[in-house]
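Enquirer: sharing a model prediction with you, sequence too.
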Amino acid sequence: MKTLLKITLTALMFLSVNAYSQETIIPEIKYADLEKYIELAKQNYPKSKAFALRTSKSKTDVTIASISYLDLFSANYFIRPDNKTVLDPVNPYNVNGVQFSIGLNLGNFITKPFTVKKAKDDYKIAQLEAKDYDNQLVLLVKSRYYDYIQAINLLKINTQMASDNKGVAETLRNRFEKSEITLDTYNQSRILQFQAYQAKIQAESVYLKAKDLLEEVVGSKLSDVK
């Protein structure tokens, strides 16, 4: 009789587990929500913002490098009033009126194309790095979302197990009070009930951590996402 009750108690516990473990979490995945989380992560996650700013800066550097071709040349002018003598002991080539001159920096003229090419290459690298990080961020959001969905379902399972074990423990307590079962069998039910409650508490902790991690990468409370 004692052995039979233990077997029955254990069977009830595994029956509860099997009833839920046979289900799948795939139908629980809402891809529309997942896409929203990915877009929010790209907008809000600090590292994603840093890559976007780096790409924008590199693009600006290309524009600056291209415009700086004008730096190769220097223009000067000299004005000599007409009422002054033409003779200039410092520079006898000066004449009355206005004179213009344009100079070319040969060193900059040689290196400028390489400077522009480097700026363009840096921009391409920044674009590729940003794209690569976007791909990594998508995988990170998906991973944390799947963990979150898994945590929800595990919490449901363990909550139901705790409820089922509580019912079994109450039934066996009543039978123990009527001297229908032994103290050992009653104690076993209490142990199983404790283990069920412990598993539920652990599942709650896993759920809260999974939720926090998903909100951290999304940059917003899940309840605020519409």
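Expert: Received the coordinates, thanks. Numbering: from 1, shown residues only.
Enquirer: ranges for the strands of the protein?
Expert: 73-80, 97-104 (DSSP state E).
Enquirer: for this protein, which helix is longest?
Expert: helix 106-177 (DSSP state H).
Enquirer: count the neighbours of L137 for me.
Expert: By the criterion of other C-beta atoms under 10 Å, L137 has 18 neighbours. Backbone N, C-alpha and C define where each C-beta goes, glycine included.
Enquirer: how near is it to K49?
Expert: Distance, L137 to K49, using C-beta to C-beta, to the nearest Å: 11 Å.
Enquirer: go on, D61?
Expert: D61 sits 19 Å away from K49 when distances are taken as C-beta to C-beta.
Enquirer: more crowded one of these two?
Expert: D61 (18 against 13).
Enquirer: these two touch, right, that one and A119?
Expert: Yes. D61 is in contact with A119 according to C-beta atoms under 8 Å; the separation is 4.7 Å.
Enquirer: can you list the buried residues in stretch 132-147?
Expert: Y133, D134, L137, V138, L140, V141, R144, Y145, Y146, D147 (16 or more other C-beta atoms under 10 Å).
Enquirer: test my guess that T159 contacts Y207.
Expert: No. Counting by C-beta under 8 Å, T159 stays clear of Y207, with 10.3 Å between them.
Enquirer: which of these two has more residues huddled nearby?
Expert: Between T159 and Y207, counted using other C-beta under 10 Å, the more crowded position is Y207 (20 against 16).
Enquirer: output the lowest mean pLDDT helix or strand found in the protein.
Expert: helix 2-21 (a mean of 50; mean pLDDT, DSSP states H and E).
Enquirer: average model confidence for stretch 120-136?
Expert: If you average the pLDDT over stretch 120-136, you get 90.
Enquirer: and for that stretch, what's in contact with it?
Expert: Residues from elsewhere that reach stretch 120-136 (C-beta atoms under 8 Å, 6 or more residues apart in numbering): 42, 47-48, 51-52, 54-55, 57-59, 61-62, 65.
Enquirer: show me where pLDDT drops low in this structure?
Expert: 1-23, 68-111 (pLDDT under 70).
Enquirer: tell me who's in contact with the residue nearest the centre of it.
Expert: The geometric centre of the chain, computed from its C-alpha atoms, lies nearest to V217 (C-alpha atoms, centre = their mean), at 3.9 Å. Contacts for V217 (C-beta under 8 Å, 6+ apart) come out as Y37, A41, Y45, L137, L140, V141, R144.
Enquirer: tell me the one of these nearest N165?
Expert: Nearest to N165 among these: R144, at 30.9 Å, using C-beta to C-beta.
Enquirer: which residues are in contact with that closest one?
Expert: A210, L213, L214, V217.
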